[in-house]
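In: Structure, please.
(chains A and B)
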There are 2 protein chains.
Amino acid sequence: MTLTLHPRHDTTLAGRLSRSATERTAGAGPRTAEVADWLAERRAAHRFAVTRIPFADLEGWAFQPDTGNLAHHSSRFFTVEGLRAEIGGEPPTRWVQPIIRQPEVGILGILAKEFDGVLHFLMQAKMEPGNPNLLQLSPTVQATRSNYTNVHRGAAVKYLDYFTRPGPGRRVVADVLQSEHGSWFFHKSNRNMIVETDEEVPSEPDFTWLTLGQIGALLHVDDLVNMDARTVLSCAPVAFPETSARLSDSMLMSWFTGERSRHETRMSCVPLNYVTGWERDEWSIHRPDGRYFKVVSVGVEAGSREVSSWTQPLFEPAGQGVVAFITQRFGGVPHLLVNARVEGGFLDTVELSATVQCIPDNYRQPGAAGRPPFLDLVLDTAPERVRYEAVHSEEGGRFLNAESRYLIVEPATPIEGALPAGYCWLTPGQLASLTRHGHYVNVQARTLLSCLTTGAVTW
Amino acid sequence: MTLTLHPRHDTTLAGRLSRSATERTAGAGPRTAEVADWLAERRAAHRFAVTRIPFADLEGWAFQPDTGNLAHHSSRFFTVEGLRAEIGGEPPTRWVQPIIRQPEVGILGILAKEFDGVLHFLMQAKMEPGNPNLLQLSPTVQATRSNYTNVHRGAAVKYLDYFTRPGPGRRVVADVLQSEHGSWFFHKSNRNMIVETDEEVPSEPDFTWLTLGQIGALLHVDDLVNMDARTVLSCAPVAFPETSARLSDSMLMSWFTGERSRHETRMSCVPLNYVTGWERDEWSIHRPDGRYFKVVSVGVEAGSREVSSWTQPLFEPAGQGVVAFITQRFGGVPHLLVNARVEGGFLDTVELSATVQCIPDNYRQPGAAGRPPFLDLVLDTAPERVRYEAVHSEEGGRFLNAESRYLIVEPATPIEGALPAGYCWLTPGQLASLTRHGHYVNVQARTLLSCLTTGAVTW
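Out: Residues are numbered from 1 along each chain as shown, chains lettered A, B, ... in the order given. Predicted coordinates for the structure are as follows:
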């Protein structure tokens, strides 16, 4: 019997990723400084228009008579349903809210290839209706199962084949199911893939090759690298140098297991009709106090998407979010302060979030509960202690104008002593190693991690 | 600020576990050959009696009028509810069945300590009502949350403190949430822990210290090492020597991610009243054709448990199970054939099971579907090619007389060519590395893995 054994671990990959991260100004494709112009050119090459519409103008979508759920007549894509959430405690915390349910697993895939001995990544100029600037730098492939099984009846997804058909000239660099926004999606996860190929890759006008370092440099620009690209890049198996940490890897796993065990959560989908405290009018489903988010609808015209016009619901948050890691050195080793955070849509109780993740506006109204721990410390950090700052959009296919200000800050006064329950210091390498597996690191924390894997931020 | 950094990885642990696995005949406690006698002595020291009772004689348990669910009046412990399962496909597979729902996370913990430079594990002689021989070798601590928050109003759980209170003389060896039987439990997981201590550990009559190798030797005895001990031991971070494999670790993760993505499953709890095709009489809930399992009740008297008498429901399977790994060498490296298996109660679509996992009696009745792949190959393997064989009990706190014949076989004729969908070759080291995280390896496969981590089976 002929067969090939493979080394269990590719010992050259981390070095090749690091090499790609050092190339920040230019690669085989456009120079970094030219990418914004290239995106503007691609935007000009197509006709894009997104307009708010009343629910009555949704085509193929309707509120179901028995449940009130907002669904497409094909039963595919996604539905807007209700979430009933309960977190155990004395007293327990309970709430209901609208939530997006989309049980199918999509593919977010970036194709990689060496040019002149340097790994490059094939990035797409892609329009998504919820992005404030519509078109951003996206993975090679960003396809729901409905996309690639062709429920849309649109054009075939370009380059999909590299991610669905393994072959001798194709090597998996990363392939892991990662969660999406747990406050807005119920049990949603996507397949985050990086595949390296030796094959000749055909060119397409909306696609371009960039190094890891170029993408890292572009992560300093607001609203340029989309969420799907950020989450995939956070999964790149980059090596981090730390060999010691506040907690050994075993202690960290034990802390996380303890956090997952100590929360008794009961999260279930219920009919949207059961969601009390939210109102529906012609244009939106919203809370009378304006907090959290609204469910709205848009009409879309696009020349470069698989189909040229459609309508769909989107979630529109109540304000700009803040997502921030506090970083601090211990014995010279940089650490990040993570929070084991319950979100209603998570498959399993908690995932690790950044130190702070919230929409500050939610805490300004009369009667709003106390401000989240560390929020004011982050917002008050002096500019020279801000290691990273940029505004990024969340998934533009489901969320409208959902932007967050992403920060990594190193406050002048170190945090000493015991942390609040649910918080823990870990190293960038420890956080990165957890993204080899799903359901450890939430999507917002993965955006900040992508700043480390691409070399956008270094210590 | 004073603080200690820890090395991320404990480089001595794997060697110390291996050292303990080589001590097979004797350690600081009883000789291996004496353990069965010690268990018999502990059995004789207590008064144990388990009798079948009709549902009407359950104390504190009742079928709920609105749902038909079998529940305890305290709303704790567990409930017997319905499962509605749907697996996508053409056509989809659908079924309903009773299932145990117990959302709380328990602790299965083994305390470890060095004696004369060799790691020993504190094992308990514990009675569980469903075990055919009642008393088996169990983890140091085996406690539901109801146990240790004292809903039972019984005695305190001995040694619990080592697992719930970290301290300087206590080091976590393993701590991971692992699933339990996905066909009988809905979303159940327990915290599998090994904690090493340097402290003086007080003696208790029902507890004894054994080496890893002694426990491995005892795994060759039928019905001696209980399921909870086996699953915890499967998580011991033992080193395996293989550096190459049929699939690299990245390829293996990609295969697994693909398996998890390609199954569209919809599993939901429904009232037990909705479970059609099952009948309830005075003594059991069962199918008219006798397949799968029954829900029954028992009365228990026990001298060594936290409370001395109680009644409870148990699930009683329709026959003895077969759980078998087929093993084969490729390029001299041993591999195991795993199956990415859907079970209705899994939190996330599939987990890796052994090559074969079934109750063969379910496939003998007229109208039963075809026999599972590889079952006949396993059962027909010549005795000299059987690398491991023993009968073990499943969780005796929930299942009555649930025994499986566990096998590792190396058929004389190698399996060549393409495998059926959902099957894959991996090495023992790859399987073990997946148990560092939850929801990859199911509980039956973990029993067979414990034969490798304890050195019960070697190649």
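In: which phi and psi does residue A:12 have?
Out: Torsion angles at residue A:12 (phi, psi; degrees, to the nearest 10) stand at phi -100, psi -20.
In: burial measure for it, as a count.
Out: Each residue near residue A:12 was counted by other CB atoms under 10 Å in any protein chain shown, and the total is 8. Placement of C-beta: from N, CA and C, glycine included.
In: Which other helices and strands does the helix or strand residue A:259 falls within contact?
Out: For residue A:259, the host element (DSSP states H and E) is helix A:249-262. On a contact count with 3 or more CB pairs under 8 Å, 6 or more residues apart in numbering or on different chains; DSSP states H and E, helix A:249-262 meets strand A:333-342, strand A:350-353, strand A:423-426, helix A:428-434, strand B:170-179, strand B:189-197.
In: number of nearby residues for the closest residue to chain B within the stretch 301-450 of chain A?
Out: As assessed by CB to the nearest CB, chain B sits closest to residue A:331 within the stretch 301-450 of chain A, at 4.7 Å. When neighbours are counted by other CB under 10 Å, residue A:331 registers 12.
In: Ignoring the adjacent residues along the chain, who's closest to it?
Out: residue B:5 (4.7 Å; CB to CB, 6 or more residues apart in numbering or on different chains).
In: Which strand or helix spans residue A:415?
Out: Per DSSP H and E, there is no helix or strand for residue A:415.
In: for the nearest residue to it once chain neighbours are set aside, what are its contacts?
Out: Spatial nearest neighbour of residue A:415, excluding adjacent residues (CB to CB, 6+ apart): residue A:328 at 6.2 Å. Residues counted as contacts of residue A:328 (CB atoms under 8 Å, 6 or more residues apart in numbering or on different chains) are A:334, A:335, A:337, A:410, A:411, A:414, A:415, A:425.
In: ok, now residue A:56?
Out: residue A:282.
In: The residue nearest to residue A:331 against residue A:244, yeah?
Out: Yes: the criterion here is CB atoms under 8 Å, and residue B:5 meets it with residue A:244 at 4.2 Å.
In: Name the residue of the stretch 201-350 of chain A that lies nearest to chain B.
Out: Taking CB to the nearest CB, the stretch 201-350 of chain A has residue A:254 as its residue nearest chain B, at 3.7 Å.
In: Show the contacting residues for that residue.
Out: B:166, B:172, B:175, B:193.
In: what does residue A:15 give?
Out: residue A:239.
In: which SS state does it fall under?
Out: helix (DSSP: H, G, I helix; E, B strand; the rest coil).
In: For residue A:293, which non-adjacent residue is spatially closest?
Out: In space, residue A:293 is closest to residue A:317, 4.6 Å off (CB to CB, 6+ apart).
In: Check residue A:181 too.
Out: residue A:443 (5.9 Å).
In: so what's the backbone phi/psi at that neighbour?
Out: phi -70, psi -30.
In: Residue A:265 too?
Out: The phi/psi pair for residue A:265 (degrees, to the nearest 10) is phi -120, psi 140.
In: Any figure for the gap between it and residue A:83?
Out: To residue A:83, residue A:265 is 11 Å away according to CB to CB, to the nearest Å.
In: Count the residues that sit near residue A:420.
Out: Applying other CB under 10 Å, I find that residue A:420 has 8 neighbouring residues.
In: hmm, I was thinking of residue A:117
Out: Neighbours of residue A:117 (other CB under 10 Å): 8.
In: what sits against it?
Out: So residue A:117 contacts residue A:19 (CB under 8 Å, 6+ apart).
In: Return the residues of the stretch 351-459 of chain A in contact with chain B.
Out: A:414, A:416, A:427, A:429, A:430, A:436, A:437 (CB under 8 Å from any CB of the partner chain).
In: Which of the helices and strands in chain A ranks last by mean pLDDT?
Out: helix A:145-148 (a mean of 73; mean pLDDT, DSSP states H and E).
In: Give me the pLDDT for the residue of the stretch 201-350 of chain A closest to chain B.
Out: pLDDT recorded at residue A:254 is 97.
In: I'd say residue A:181 and residue A:395 touch.
Out: Yes: look at residue A:181 against residue A:395 with CB under 8 Å: they come within range, at 7.2 Å.
In: which residues of chain A score low on pLDDT?
Out: Counting by pLDDT under 70, chain A has low-confidence residues at A:1-2, A:149-155, A:304-307, A:365-368.
In: beta partners for the nearest residue in space to residue A:113 that is not next to it in sequence?
Out: In space, and not counting its chain neighbours, residue A:113 is closest to residue A:197: 5.5 Å by CB to CB, 6+ apart. Residue A:197 has these beta-bridge partners by DSSP bridges: residue A:170.
In: what's around residue A:197, how many residues?
Out: 17.
In: Equivalent analysis for residue A:166, please.
Out: Residue A:166 has 15 nearby residues by other CB under 10 Å.
In: Next, the nearest residue in space to residue A:142 that is not next to it in sequence: secondary structure please.
Out: Spatial nearest neighbour of residue A:142, excluding adjacent residues (CB to CB, 6+ apart): residue A:228 at 5.0 Å. On the three-state scheme (three-state DSSP), residue A:228 is labelled helix.
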